[in-house]
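[1] whatever this is, show me its structure:
(chains A and B)
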Number of protein chains: 2
Amino acid sequence: LWNNEISTLLKTKYPIIQAPMAGGITSSKLVAAVSNAGGLGMIGAGYMNPFQIRNQIREIRELTSNHFGINLFIPSRVETTEDEIITSITLLQPYREQLSIQSSNQIKADDFFKVFNEQVQIVIEEQVPVCSFTFGIPPIEVVDKLKRANITLIGTATNVKEAMINEESGMDAIVVQGSEAGGHRGTFTPEIDGSLIGLMSLIPQVADQIKTPLIAAGGIMDGRGLMAAICLGAKGVQMGTAFLSCSESSAHSLHKQAILEATDDQTAITSAFSGKLARGIKNKFITEMEEHKALFPDYPIQNGLTSDIRLAAAQQNRPEFMSLWSGQSPMLARSQSVKELMNHIVSQSEKILKP
Amino acid sequence: LWNNEISTLLKTKYPIIQAPMAGGITSSKLVAAVSNAGGLGMIGAGYMNPFQIRNQIREIRELTSNHFGINLFIPSRVETTEDEIITSITLLQPYREQLSIQSSNQIKADDFFKVFNEQVQIVIEEQVPVCSFTFGIPPIEVVDKLKRANITLIGTATNVKEAMINEESGMDAIVVQGSEAGGHRGTFTPEIDGSLIGLMSLIPQVADQIKTPLIAAGGIMDGRGLMAAICLGAKGVQMGTAFLSCSESSAHSLHKQAILEATDDQTAITSAFSGKLARGIKNKFITEMEEHKALFPDYPIQNGLTSDIRLAAAQQNRPEFMSLWSGQSPMLARSQSVKELMNHIVSQSEKILKP
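    Next up is the predicted model:
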């Protein structure tokens, strides 16, 4: 049951990957605990600078000798007018006031292409065994460079078209992200609406068109989801919310609490936090910003504009303004250790059905 | 594998139900073919009058001696202002012109509560073995009457809350409809957005709260979907698009063709056709009406206002104005007989995993 293309490729005991949740959730303790328990721990490095990345890689290596991975965001050209930015700043001002944020809103003029190339360089220098990508496909020369460095590459797709683009680019495995998934949608083709495809539809349609082994992501929390994903044609699973709720994750305690208390119908898709669609527990910020959704600047501009709001909300314990990312299965989340979660997944899977 | 609570309850060989697609798709030939092949054929009687229902029941009985079922829509009070109706008529006028519809738009003043009670009466008189409901729960006296007549009752839920309401009402089984599903959303609690829950999340969360056996619906087209649904905690499946594409269904040939040619990212949720959310292949009508979505009158008013547009579009072979209902797995649809589809599901299921 457990020895398949994905566990072989990733050199793990189980084909179970901890989703690379960006924004300070994938502590070294979490990543190492997952890898030590037979899964693949992943660093969500999308927002991290090279220095932070190198530090965390070294920290993880002190906690585990098993394989682990890292995820990078693919940058894209952004076209945002000054008017759009001013509108967004105006819309966000009431939240800044409620959180007593004094400083004025600053737009970081980071060169995201430069940052990405630096991140790739660290991944190669530090010989991270696995590197996955969200929001697109890396340039061919980056793919070549990583492959020459013997790093296993994983892409992300939210529909058949994106899976085919991933396969053509030479990815070793592809995460198929269903509409159930928490956090950012990995969609990189423009037809965003039609790409909210549930895993029950997404996995078999992709599996019929693609030879690259598939990793299912979205709403999977236990052995039932893992076995269902395998029936549908995936070879492994990537789980976010389930690991976020574990004691080893560095998610804010109010974020964990919000997930543990939420019902199935309480998540929503919003682009209010970052300019890109993402799923989280519906709160005041998501609800109030919904009517302005046509006005948000693109990612990462909006992400930059809300960053001190999210930071202040976390520091002041105000979950109504935090990005409480969650998939559609919060009622299956448990407060437990990574070891307990992994044991539960494995024993439940083995009990459900045998190959 | 096949002998479980659902097949026992429905007295079928397999726990496979043909979705009761309303609007002239569930021909007697289709319903009987499904029941003859070991599944449960279902009449989509939501829009039918008592005379049509009685006729079809008798027609089916000449084609099969196996169990079959019927689906009714639960009526609800509608509050629509004359202004909303005039706005909608204005928005629909260009389509009436493109289809050269001469007659003026007429609103039928049907008493939907009266129609529902008449439908229930026929179901009892004709002793239809199984009756399912969409858009809510029947009044308690209707549930009692049907149960006294020994009719098996199936409700529909799109989230945990709705499943609990169904269980409390005494339904014998509950269809859990995922976001992947084609046609109308069965949602009857107001939080519509949050109820677009994918089956990977919906089935296990409902299964943990509910004792009533569950039937999964949405995007399931073959043995992979059936086995996945069973892993997740369902006991059976209800399939619409897969049966709609079969030769025995009376769906318009251009509807079948649109499904067979569509990709996974080409469906959309719209309320433009009926006033209730439903999933279909994105066409000109859906795309153009999207921007007016806040303006449509409630179901069944909007449904009545678009009925001659849909009829004329079908007669004139204009798929761009037809309601091309489809789930999110059109790439798994095949042009085949019901017998071929059922054989494929069964043999594929048995091959995937054994219990």
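[2] what average pLDDT does stretch A:187-202 get?
    Taken as a whole, stretch A:187-202 carries a mean pLDDT of 84.
[3] quote the end-to-end distance of that stretch.
    Stretch A:187-202 has its terminal residues 13 Å apart, counting by CA to CA, to the nearest Å.
[4] please identify the buried residues of it?
    A:187-188, A:192, A:194-202 (16 or more other CB atoms under 10 Å in any protein chain shown). Every residue, glycine included, has its C-beta placed from N, CA and C.
[5] just stretch A:65-75 next, same as before
    Across stretch A:65-75, burial judged by 16+ other CB under 10 Å covers A:66-75.
[6] can you tell me which of those is nearest chain B?
    For the buried residues of stretch A:65-75, the closest approach to chain B (CB to the nearest CB) belongs to A:Ile74, at 19.6 Å.
[7] how about the closest one: what's its closest non-neighbour residue?
    The shortest distance from A:Ile74 to any non-neighbouring residue, by CB to CB, 6 or more residues apart in numbering or on different chains, is to A:Gly136 (3.5 Å).
[8] where does chain A have low pLDDT?
    A:106-110, A:191-194, A:353-355 (pLDDT under 70).
[9] tell me which residue of it is furthest from the middle?
    Centroid-distance maximum for chain A: A:Gln102 at 31.0 Å, with CA atoms, centre = their mean.
[10] so how far is chain B from that residue?
    For A:Gln102, the distance to chain B equals 35 Å [CB to the nearest CB, to the nearest Å].
[11] which SS class is that residue?
    coil (DSSP: H, G, I helix; E, B strand; the rest coil).
[12] name the residues that touch stretch A:207-217?
    A:4-6, A:9, A:15, A:17, A:19, A:154, A:160, A:163-164, A:166-167, A:171-178, A:181, A:199, A:203, A:206, A:229, A:232-240, B:200, B:331-332 (CB atoms under 8 Å, 6 or more residues apart in numbering or on different chains).
[13] which among the residues you listed end up buried?
    A:4, A:6, A:9, A:15, A:17, A:19, A:154, A:160, A:163-164, A:166-167, A:171-178, A:181, A:199, A:203, A:206, A:229, A:232-240, B:200, B:331-332.
[14] what about the residue nearest to A:Ile74, neighbour count?
    20 (other CB atoms under 10 Å in any protein chain shown).
[15] check A:Glu350 too.
    By other CB under 10 Å, neighbour count at A:Glu350 equals 13.
[16] for it, what are its contacts?
    Counted by CB under 8 Å, 6+ apart, A:Glu350 has contacts A:1, A:223.
[17] just confirm it is within a helix.
    Yes. Applying three-state DSSP, one finds A:Glu350 inside a helix.
[18] from B:Ala163, how far out is it?
    28 Å (CB to CB, to the nearest Å).
[19] tell me where the stretch 101-250 of chain A has helices.
    For the stretch 101-250 of chain A, applying DSSP state H, counting those that start in this stretch gives helices covering A:112-125, A:140-148, A:160-168, A:199-209, A:223-232, A:241-244.
[20] out of those, flag the one nearest A:Gly280.
    helix A:241-244 (10.2 Å; CB to CB).
[21] is the closest one in proximity to chain B?
    No. In terms of CB under 8 Å from any CB of the partner chain, no part of helix A:241-244 sits within range of chain B; the closest distance is 9.8 Å.
[22] my guess is A:Asp308 contacts A:Ile101. True?
    Yes. Contact criterion CB atoms under 8 Å: A:Asp308 and A:Ile101 qualify, at 5.6 Å.
[23] contact partners for A:Ala181?
    A:217-219, A:240, A:279, A:327-328.
[24] top of those residues by neighbour count?
    A:Gly219 (37 neighbours).
[25] one step back: which ones among the buried residues of stretch A:65-75 lie within strands?
    Residues of the buried residues of stretch A:65-75 located in strands (DSSP state E): A:68-73.
[26] okay, the residues you listed in TSV with distance to chain B next?
    As requested, those are exported to TSV (distance: CB to the nearest CB, whole Å):
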residue	distance to chain B
A:Phe68	26
A:Gly69	23
A:Ile70	26
A:Asn71	21
A:Leu72	25
A:Phe73	22
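[27] what's in contact with stretch A:128-147?
    For stretch A:128-147, contacts defined as CB under 8 Å, 6+ apart pick out A:10-11, A:20, A:40, A:42-43, A:46, A:57, A:67-74, A:76, A:116-117, A:120, A:123-124, A:151-156, A:165-166, A:169-171, A:175, A:184, A:186, A:188, A:276.
[28] and what about A:Gly41, helix, strand or coil?
    Applying three-state DSSP: A:Gly41 is strand.
[29] for it, give its distance to B:Met164.
    37 Å.
[30] again with A:Leu9
    Distance from A:Leu9 to B:Met164, by CB to CB: 42 Å.
[31] in a markdown table, list the buried residues of stretch A:187-202 along with distance to chain B.
    Formatted as a markdown table, the buried residues of stretch A:187-202 follow (distance: CB to the nearest CB, whole Å):
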| residue | distance to chain B |
| --- | --- |
| A:Thr187 | 10 |
| A:Phe188 | 13 |
| A:Ile192 | 9 |
| A:Gly194 | 4 |
| A:Ser195 | 6 |
| A:Leu196 | 8 |
| A:Ile197 | 5 |
| A:Gly198 | 3 |
| A:Leu199 | 4 |
| A:Met200 | 4 |
| A:Ser201 | 4 |
| A:Leu202 | 7 |
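[32] is it correct that A:Ile60 is in contact with A:His67?
    No. Contact criterion CB under 8 Å: A:Ile60 and A:His67 do not qualify, at 10.6 Å.
[33] quick one on the thing from earlier: of the helices of the stretch 101-250 of chain A, which is nearest A:Leu91?
    The nearest among the helices of the stretch 101-250 of chain A, by CB to CB, is helix A:112-125 at 23.3 Å.
[34] got the angle between the closest one and helix A:140-148?
    10 degrees (axes from the mean of the first three to the mean of the last three CA atoms, to 10 degrees).
[35] can you put the ones in strands among the buried residues of stretch A:65-75 in a markdown table and add distance to A:Thr80?
    Shown next, in a markdown table, are those (distance: CB to CB, whole Å):
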| residue | distance to A:Thr80 |
| --- | --- |
| A:Phe68 | 35 |
| A:Gly69 | 32 |
| A:Ile70 | 28 |
| A:Asn71 | 25 |
| A:Leu72 | 22 |
| A:Phe73 | 17 |
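[36] can you tell me the closest non-neighbouring residue to A:Tyr47?
    A:Ala22 is the one closest to A:Tyr47 (CB to CB, 6+ apart), at 5.3 Å.
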